[in-house]
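>>> let me see the structure of the following:
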Amino acid sequence: MKILFVDDEPDHETLIRQFLNGLPELAGCELLFASDGQQALETIQRDAEVEVVVSDIKMPRMDGLALLSHITESHKGVCSVIISAYGDMTNIRTAMNQGAFDFLIKPIDLNDLRITVNRAIENIKLAKAAAKENERLQTEIIETQKEIIYKLSELVEMRSQETGNHVRRVSEYCRLLALYKGMSVEEADKLKLAAPMHDIGKVAIPDSILHKRGALNAEEWVLMRTHAEVGFNLFKDSSREFLKCAAIIAHEHHEKFDGSGYPQGLRGESIHIYARIMAVADVFDALGSKRAYKEPWPMPRILEHMRSQRGIHFDPELVDLLDKNINEMVRVRLRFPD
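This next block holds a predicted model:
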């Protein structure tokens, strides 16, 4: 940690340096000095280790209040202490309103300086500890949300008799395809988080249909197709970005590139890119997985099928990206086997 003193009187620098350098509680802290606000601001801008600033108000070029304003606006992690004459209470009130941590009255009492600097350092340490704890809690909340999402999604898959790591693999496939497509890491991660909920609407489908061994009749097929809209309606009004993404995926992942899919019969790029990615990832994984009605397909047969559906079921570009990066996709299956 570095402590910056800003004062245009050279004698003050000598006095402060001699006094503070001998204090054991400041061991490990480096003392810096600047003669005006402009020099101080330049020091803060180039040195992120400056965390405490003790500044006079009346100085040439840039005064202490202008410096404080810059710190409050652009360097929120810096703790500012203002020095002013006793009769200048208006400036002191202004400084405190602008975010100063504390103030000292001239002439400075060195013991008061010691106490105030120590309090400023403690304030920085407490703020860092709080920020670290907030970050830990935020990470824990996010990881808990992810785990709940996966468990709920796995429960839906189990109802459909599609057990194993299907939802985890599909999430990873979606993230990879999004990155290959050129999406940002942030957007790809959002898609990965939303992907497990693509079939969440199946919670509304009766077991007699989900577990039927033979082909569905026309009436059953109409009911089965409603799971897309059920999933959409579940998430469509959410203010969470990843749940908005989940609503799109649930609604459109059975659309086909040639317009022959459901529920809306969307065609080509009118199908959201999230859903086009989901369609490729979902079918790719399903073909390679064991189901009650089939054995897993070997990879050459899977790729042959995916290529045959370019422009029919799937976005051609995404099939090409899958084909080009097949080794990475296979590694995902090896990481999350059934």
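>>> now the element after the helix or strand of the chain with the lowest mean pLDDT, going C-ward?
Sorting the helices and strands of the chain by mean pLDDT, DSSP states H and E puts helix 10-20 at the bottom, at a mean of 78. Proceeding N to C from helix 10-20, the next assigned helix or strand is strand 30-34, under DSSP states H and E.
>>> next, the buried residues of the least confident helix or strand of the chain.
For helix 10-20, burial by neighbour count (16 or more other CB atoms under 10 Å) applies to 12-13, 16, 20. C-betas here are computed from N, CA, C, even on glycine.
>>> tell me where the model's unsure across the stretch 201-338 of the chain.
292-293 (pLDDT under 70).
>>> please repeat the previous calculation with a cut-off of 80.
Along the stretch 201-338 of the chain, segments meeting pLDDT under 80 span 211, 213-214, 290-294, 338.
>>> all helices of it, in order?
Along the stretch 201-338 of the chain, the stretches classed as helices by DSSP state H, counting those that start in this stretch are 207-210, 218-225, 227-235, 241-252, 273-287, 299-308, 316-324, 326-335.
>>> show me which pair in the buried residues of helix 10-20 is furthest apart.
12 and 20 (11.8 Å; CB to CB).
>>> what's the angle between the least confident helix or strand of the chain and strand 30-34?
Helix 10-20 and strand 30-34 are oriented at 170 degrees to each other (axes from the mean of the first three to the mean of the last three CA atoms, to 10 degrees).
>>> for the closest residue to residue 49 other than its chain neighbours, grab the count of nearby residues.
Of all residues beyond its chain neighbours, the one nearest residue 49 is residue 2 (4.6 Å), with distances taken as CB to CB, 6 or more residues apart in numbering. Neighbourhood size, residue 2 [other CB atoms under 10 Å]: 16.
>>> who does the lengthiest helix in the chain touch, helix- and strand-wise?
What stands out as the longest helix in the chain, according to DSSP state H, is helix 110-159. Packing contacts for helix 110-159, counted by 3 or more CB pairs under 8 Å, 6 or more residues apart in numbering; DSSP states H and E, involve helix 10-20, strand 50-56, strand 79-85, strand 102-106, helix 166-181, helix 185-194.
>>> let's go with 6 Å and repeat that
On a contact count with 3 or more CB pairs under 6 Å, 6 or more residues apart in numbering; DSSP states H and E, helix 110-159 meets strand 79-85, helix 166-181.
>>> JSON lines for the ones you listed, including distance to residue 245 and mean neighbour count?
As requested, the helices and strands packed on helix 110-159 are exported to JSON lines (distance: least, CB to CB, whole Å; neighbours: other CB atoms under 10 Å):
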{"stretch": "strand 79-85", "distance to residue 245": "40", "mean neighbour count": "22"}
{"stretch": "helix 166-181", "distance to residue 245": "10", "mean neighbour count": "23"}
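>>> out of these, flag the one nearest residue 106.
So among these, strand 79-85 is nearest, using CB to CB, at 4.9 Å.
>>> per-stretch mean pLDDT over the helices and strands packed on helix 110-159, give me the minimum one.
Comparing mean pLDDT over the helices and strands packed on helix 110-159, the weakest stretch is strand 79-85, at a mean of 88.
>>> show residues contacting it.
52-54, 56-57, 64, 68, 71, 91-92, 95, 100-104, 106, 116, 120, 123-124 (CB atoms under 6 Å, 6 or more residues apart in numbering).
>>> restricted to buried residues, select those in ChimeraX.
Selecting only the buried entries of the contacts of strand 79-85 in ChimeraX, with 16+ other CB under 10 Å as the criterion:
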select :52,53,54,56,57,64,68,71,91,92,95,100,101,102,103,104,106,116,120,124
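>>> how about stretch 238-250: buried residues?
Under the neighbour-count criterion of 16+ other CB under 10 Å, stretch 238-250 has 242-250 buried.
>>> show me what the nearest residue to residue 7 once chain neighbours are set aside is bridged to.
Nearest non-adjacent residue to residue 7, counting by CB to CB, 6+ apart: residue 56, 4.7 Å away. Beta bridges link residue 56 to residue 83 when assigned by DSSP bridges.
>>> how near is the residue nearest to residue 49 to residue 71?
Distance check for residue 2 against residue 71: by CB to CB, to the nearest Å, it reads 14 Å.
>>> how much space separates the residue nearest to residue 250 when sequence neighbours are not counted from residue 291?
With CB to CB, 6+ apart as the criterion, residue 250 has its nearest non-adjacent residue at 2.8 Å, and that residue is residue 231. Computed as CB to CB, the residue 231 to residue 291 distance reads 21 Å.
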